[in-house]
Each structure stands twice: as structure tokens, then as C-alpha cells.
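Q: Curious how this folds, go ahead:
(chains A and B)
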Amino acid sequence: MYRYDEFDHALVRERVEEFRDQVARRVSGSLTEDQFKPLRLMNGVYLQLHAYMLRVAVPYGTMNSRQMRQLAHIARTYDKGYGHFTTRTNIQFNWPALSDLPAILEDLAEVEMHAIQTSGNCIRNVTTDVFAGAADEEIEDPRPWAEILRQWSTIHPEFSFLPRKFKIAVIGGAKDRAAIRTHDVGLQIVRGDDGRTAFRVFVGGGQGRLPHIAQEIAAAVPGTELLAYLTAILRAWNLLGRRDNIHKARIKILVASLGIDAFREEVDRHFATLRQQDLRIPQAEVDRIQAYFAPPPFEALPRVSAPFDRAVLADPDFARWNRNNVRRHRTPGYASAIISLKAPGEVPGDITDAQMERVADLAERFSFDEVRAAYEQNLVLPHVRLDDLPTVWRALAEVGLGTPNADLATDVIACPGLDYCSLANARSIPVAQALSRRLADLDYQERVGPVRINMSGCINACGHHHVGHIGVLGVDRRGEEYYQITVGGSPDDQAALGEIVGRSLPADDVAPAIGRALDRYLEIRSEGERFIDTVRRVGPEPFATAIYEVQDAVA
Amino acid sequence: MKIITANRLTDGRVIYVDDAGEATTELLRASQIADEAADERLALARSRPALFVNPCLVEVVDGHPSGRDRLKETIRANGPTVGNSHAWSGT
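A: Residues are numbered from 1 along each chain as shown, chains lettered A, B, ... in the order given. Below is the predicted model of the structure:
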């Protein structure tokens, strides 16, 4: 993985000292809250319902064991013993004191981490495929390009005061596991006509109040010109975007209002100039960054593993975890293991300091010192020998991290909601927990198979409800929490927004309603169809009927 | 009736203005203010930015949050309703 050079170290250390001074001036009263707010936001510090919240960047979701142990230390020392992984593969701490924040940032800098650009109107942490470098269908590892984007965008003067935040995701092939079409810019690596790395570029995606699926703006931008092309996109938006209305300031609104063709013309006009300038990425620099992401020293192993096969036969619990949480690896004898942060009744994405320590130990011993954060609020050990999977599973299960529900109905994405967030209208965590309890039967979950259920506590959609196969949006109705259900959304290469199926439901009715929708799917699915396949074939209507049938019967 | 709530500067914790105009972390000790005096008391809280961050008025009935922000203010007063911080509520 990437290691800081002297410039990275200096930049982060300078930022820590700068923020230390800003905090001291705020505490002494020489800065007002209005003056301090933009400064703290530039360092990932929010003021939420109960306390300050610190959002730490995990660039493209990759961490080593030392970093994970430092996060555990921060959780233990400065917070309440846990952290919360987010849908942008960052980690949030919910309870730090303002006066402790400089020390926390100093601890992060020690392990080459920071909180820069995790909030504010700038280019945010770039995300990617959680299985990058391990999946067998990718054209090229997207992480070096994510790192190039990180370096280019960090404290970029032209892009530090954008109309609104700007999110980029990059994937290494056609299979989309990073929801790129829900981003302001989504990048998909393709092969150019010359056989070299190029990028299919999507623009104008986003969720929130006015959701849009990103549209293709370029089929194959050469890798060497990627920064020039992205600069052209950002410049076009920076000049034409709406700064007068926060709800219309995102690039998705500009792209939708101009139309993709007119927006493309604007971008091409800037690109014609920019591609002649010094924004070309030298091949030597690409090579240098790619070297950091060279494959780890995999052993030459057979495709099968006797210890693994024995464990599958001997232990049905391991067999179930293997079925649901283990993914194929491109290297024979290895696999990627998903660590579910969705144990029954727990908070989606939360992880305790002791669990972080255990994950760090396992990453160090069994996964070439690497652990990834997935946008679905889980973790992944990307490179585990099949031989070691039983040991890894037992060690995870001992600390409550062995839940075998990856991509199943209880693998729910949920934002912090009104339990923490000052923007929320309704709670999302208790609704996710109620669903987790109701659908706890793993045999049932496996019968249903993969289904993405996403929940947000407000229209800002941090819980990605628009692109859940089933989405749940908390709304406020005269001071009471109600929940609107959508069906048919999809975050992947067939990205789609869900359709609202009817009136909103009270909290207690949400889990039973979703249960009925899943039961209806089991009744009507064709052979081999996943939930989303059935929705695409029959539309949302049968599910809407199931969701409301009890209420309608009573009414 | 109204009360005034804010976040404490040093750690962001939920606080209220008590009868002496000082900060308390306990909702039950928040000063109950008649509607007509609320704006004046809020201005006083705003004049102490080193203590009260983002002070605002909350409607109360019998000392408990009511109206549009009832749920949000109840959660602010008692802590998260679920999860890893549940047992820490109010600290």
C-alpha cells in the first residue's frame, strides 16, 4: 500500500499544528463558532447532537494493522470505545472533546492518517472497489489511480471552495462494487484503442434530495490525461454551478439542467486547453505509484486446500460463513473474507476497540498486513490463504465478528440517523436493528439470497436508500417518525433509483413490511433469480401490495 | 414555555441554561422561560459564546420537550436510544 513521502508527512504535520492553534483560539474565545466552523470542517470535525464528531479519512478504504490499532487506541483513549465505519469507507468517532482533537490528529499523523477533506465543499475521500487487486475480473488495479487522485486533489487551491462537496469513485473493470454511478464523477478503467489504460467517465450522479444516476460523458479518456479531464469537469461546474441555492449546487443539477451533451461541450472546451498544459501524468510517476500497490508475495498454492475442505465438511457454521462471506481471489489458494459489521441487533458499521485490535492482528498475520473498509459498512481481509480461513473465522467469531450475512437481508446499510446526526429527521439504527432481529433466521436469509436493504434518516441519503433494492427513508410527520419505502433501486453496473411504493409507515411496521416483500419474492421468483432480478422482471407492484396488505386489510 | 439549549464549547455536550444563567447538563434543571421573555434570555446566552455554542429555544410542556423538535430534543437530553453509547446516555 501507499506510504507517505516527506511531502505527505510535512503537509499532514503542518495541518495538525495549524488546527491546534485554531482550536486554542476557539477555546480562548478569540474565534467565534461562525469563524471556527469552516476551519473545523476542513479537518473533519462536525458538531452533532451530543458532541463533536471526527470523521477520519481512509483513502480508498485501505488500512494496515498499525493504522487499525491506532484507530482502536483513539476509540479507547478519546472516545467511548468504538468507532463507526461510513458509506464513504471513512471512520467516525462520535464523542471526542474539542480539546482532544489536536492530539487525535497527531496520533493519526503518526500512522499516516488524517481527517483532511472528509467534510466541506471540496473533493472528498476517493473510494474504490473493496476487492481491488484481488478480484479476478478487473482490467487493472484502480487503487494507484485513486492515490493519484488523492494527491492531486489534496488541498488543491482551485477545488477548496467548490459550490458543494464532490465525490469520486474509481473501479478497475466493468463490475461495479463501488456504486460509481451514484457519484459526482465515476471512473471505470477500460482499455483505450492503443491498448493503454483509459477511463470511461460518468458524471452527475448523486443521491440526496434530488437523486440522479450519473451519465456517461466520455468513453475512454487516456490515463495520462485523467487529471486534465477531471479538472475540465470541475472547472465547468465551478464556473456554471449554482452557488445561490445549496440544494441545487451539486454537479448533478448542472448536468441535468444543461443536458449531458451541452455539459460535455463545456468540458471539452476546457479540456482542449488543459490537455496541452502540465496536467499530463508522466508514466514514470504512474509507475512509481503503482509500485506501492504491487501484489503481495503470494505463495504458489494449489487451488484446493485440505484444511479448508475439512472445515467446511466438519463445521456447518464455518461452511455458512464461507458460503456468504468469502469471495473468490484471482490467486489460486487465496480468498477475500468479508468481516460483517452487522451482527444481530448491533449498529451497522460500529466496531469496538477490542474488535479493531482483533482485526489488526488478523490482517497482520493472515492478509499481508492489509484490511479494507467497504462502502457497505463492512471490512474485508483481501488476501487470506484458504488454509487459514478456518482460523480466521474462529478468531473473528470469538469477538462477535463472524456474522455470516454479507450481502444478505440483514447486511443493512444505515446512516447514524437521529440518534446522532443533527441533520436527521428520524432514527435509522433502531429500524435496522428491528429488521435484523426479525430476519435473524439465517436459513431464511440464505433462501432469500442477496438483497441490498439501505436506510437513511433523512433525505441527504447517507444510508444510500435511493439505490437499495429496498430503500427506507425516515421522514418527520408532525414530530413523529415515519418511513417511506422504495423498491427497485440498484447501486451497481445496472444502477437505478428505487420507486416509492406508497405512503410512509410508522417505525414498528417497517420490518414486518419488508419481511412481507421478501416473502412475496420467494413466492414469485423464477429459477435462479435474485431479488433485484425479480423486481426488474415484474416491477415494484407485487412488492408494494405485499408491503401494504396488512394495513389495507385493517383499513 | 421555553428552555434554552446549546452545545458546550469544550466537548460539544448538550447543555441548558439554568435559572442563574449558567450551564447545566440536566434537562430538569433548565430554566423554564415564559414565551415573551425567551428572546431576551436567548440573546444573553448568545452573548457568552465561549460557553454556549449554537444556543436555541426549545418548546417545553411540564419541563419536557414538545412541538416539532420533541423527539430530537428528547434524544439530545437522554443520549442515543440504542447502540454502543446507550449505556453512556447523559454523560
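
Q: what pLDDT, on average, does the helix ranked longest in chain B get?
A: As assigned by DSSP state H, the longest helix anywhere in chain B is helix B:35-46. Helix B:35-46 shows a mean pLDDT of 97.

Q: Neighbouring strands - and their directions - for the helix or strand following that helix?
A: Where DSSP states H and E defines the elements, the next helix or strand beyond helix B:35-46 is strand B:52-61. Its sheet considered, strand B:52-61 pairs with strand B:2-8 (antiparallel), strand B:64-65 (antiparallel) by DSSP bridges.

Q: Determine how far the helix or strand that comes right after the longest one lies from the middle of the whole chain.
A: Which is strand B:2-8. As assigned by DSSP H and E, the chain's next helix or strand after strand B:2-8 is strand B:14-17. On the basis of CA atoms, centre = their mean, to the nearest Å, strand B:14-17 sits 4 Å off its chain's mean C-alpha point.

Q: Residues contacting strand B:14-17, please?
A: If you take CB atoms under 8 Å, 6 or more residues apart in numbering or on different chains as the criterion, strand B:14-17 is touched by A:49-50, B:3-8, B:23-27, B:29-31, B:41, B:45, B:51-52, B:55, B:76-77. For glycine as for every other residue, the C-beta is placed from the backbone atoms N, C-alpha and C.

Q: again, only this time at 6 Å
A: By CB atoms under 6 Å, 6 or more residues apart in numbering or on different chains, the surrounding residues in contact with strand B:14-17 are A:50, B:3-6, B:8, B:23-25, B:30-31, B:45, B:76.

Q: Would you mind writing the CA trace of the longest helix of chain B as CSV?
A: Once non-C-alpha atoms are left out, helix B:35-46 reads as follows in CSV (Å, rounded to 0.1, in the frame of the first residue of the first chain):
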residue,chain,number,x,y,z
ASP,B,35,-42.5,32.8,25.8
GLU,B,36,-42.4,36.6,26.0
ALA,B,37,-39.0,36.6,27.8
ALA,B,38,-37.5,33.9,25.6
ASP,B,39,-35.8,36.1,23.0
GLU,B,40,-34.2,38.3,25.6
ARG,B,41,-32.8,35.3,27.5
LEU,B,42,-31.6,33.7,24.3
ALA,B,43,-29.7,36.9,23.5
LEU,B,44,-28.0,36.7,26.9
ALA,B,45,-26.9,33.1,26.1
ARG,B,46,-25.6,34.2,22.7
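
Q: Run the angle between the longest helix anywhere in chain A and strand B:52-61 for me.
A: Scanning chain A for the helix with the most residues, using DSSP H, yields helix A:6-28. Relative orientation of helix A:6-28 versus strand B:52-61 (axes from the mean of the first three to the mean of the last three CA atoms, to 10 degrees): 60 degrees.

Q: quick one: buried residues of the helix or strand following helix A:6-28?
A: The helix or strand immediately downstream of helix A:6-28 is helix A:33-41, counting by DSSP H and E. Within helix A:33-41, the residues scored as buried using 16 or more other CB atoms under 10 Å in any protein chain shown are A:33, A:36-37, A:39-41.

Q: do stretch A:419-438 as well
A: For stretch A:419-438, burial by neighbour count (16+ other CB under 10 Å) applies to A:419-421, A:423-436, A:438.

Q: Chain B next: which of those residues are close?
A: Restricting the buried residues of stretch A:419-438 to those near chain B by CB under 6 Å from any CB of the partner chain leaves A:419, A:429-430.

Q: mind checking which helix or strand the spatially closest residue to A:V326 that is not a sequence neighbour is in?
A: Using CB to CB, 6 or more residues apart in numbering or on different chains and skipping the chain neighbours, the partner closest in space to A:V326 is A:A335 (5.0 Å). Per DSSP H and E, A:A335 falls inside strand A:334-339.

Q: near chain B at all, the following helix or strand past that strand?
A: Later in the chain than strand A:334-339, the nearest helix or strand by DSSP H and E is strand A:350-352. Yes. Against chain B, strand A:350-352 shows contacts by CB under 6 Å from any CB at A:D350.

Q: Can you list the buried residues in the helix or strand following strand A:350-352?
A: The helix or strand immediately downstream of strand A:350-352 is helix A:353-366, counting by DSSP H and E. Neighbour-count burial for helix A:353-366 flags A:353, A:355-360, A:362-364, A:366 (criterion: 16+ other CB under 10 Å).

Q: and for helix A:353-366, what are the contacting residues?
A: A:65, A:68-69, A:71-72, A:75-76, A:81, A:369-371, A:381, A:384, A:388, A:392, A:395, A:399, A:401.

Q: what's the following helix or strand past that helix packed up against?
A: Counting by DSSP H and E, the element after helix A:353-366 in chain order, helix or strand, is strand A:371-373. Here strand A:371-373 touches strand A:379-385, going by 3 or more CB pairs under 6 Å, 6 or more residues apart in numbering or on different chains; DSSP states H and E.

Q: ok, and for the strand it packs on, which residues are buried?
A: With burial defined by 16+ other CB under 10 Å, the residues of strand A:379-385 counted as buried are A:379-385.

Q: and that strand, what other elements does it pack with?
A: Other helices and strands packing on strand A:379-385, by 3+ CB pairs under 6 Å, 6+ apart, are strand A:334-339, strand A:371-373.

Q: how about 7 Å then?
A: The contact analysis (3 or more CB pairs under 7 Å, 6 or more residues apart in numbering or on different chains; DSSP states H and E) places strand A:379-385 against strand A:334-339, helix A:353-366, strand A:371-373.

Q: now that strand: mean pLDDT?
A: Mean predicted lDDT for strand A:379-385 stands at 98.

Q: Buried residues, stretch A:92-99. List them.
A: Buried, per 16+ other CB under 10 Å, within stretch A:92-99: A:92-98.

Q: got a list of what A:A511 touches?
A: A:434-435, A:438 (CB atoms under 7 Å, 6 or more residues apart in numbering or on different chains).

Q: Show the contacting residues for the residue in the stretch 101-250 of chain A positioned nearest to chain B.
A: The minimum distance from the stretch 101-250 of chain A to chain B, using CB to the nearest CB, falls at A:L101 (10.3 Å). Contacts of A:L101 were listed using CB under 7 Å, 6+ apart, and they are A:23, A:45, A:54.

Q: how about low-confidence regions in chain A?
A: A:551-555 (pLDDT under 70).

Q: For ChimeraX, what selects the buried ones among the contacts of helix A:353-366?
A: Buried members of these can be picked out in ChimeraX with the line below, counting by 16+ other CB under 10 Å:
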select /A:65,68,69,71,72,75,76,81,369,370,371,381,384,388,392,395,399,401
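
Q: wouldn't A:V27 be in contact with A:S99 here?
A: Yes. Contact criterion CB atoms under 7 Å: A:V27 and A:S99 qualify, at 6.4 Å.

Q: what do these two both touch?
A: B:T10.

Q: How many residues are close by residue 10?
A: No chain was given, so I picked chain A. Number of residues near A:A10 (other CB atoms under 10 Å in any protein chain shown) recorded here: 11.

Q: The intended chain is chain B.
A: Counted with other CB under 10 Å, B:T10 comes out at 16.

Q: Could you do A:R530 as well?
A: 16.

Q: and the gap between the residue lying closest to A:P295 once chain neighbours are set aside and A:A546?
A: Leaving aside its sequence neighbours, A:P295 sits nearest to A:G133 (CB to CB, 6+ apart; 6.7 Å). Per CB to CB, to the nearest Å, A:G133 is found 41 Å from A:A546.

Q: Show me which of these two is the more surrounded one.
A: Comparing A:G133 with A:A546 by other CB under 10 Å, the one with more neighbours is A:G133, at 26 against 22.
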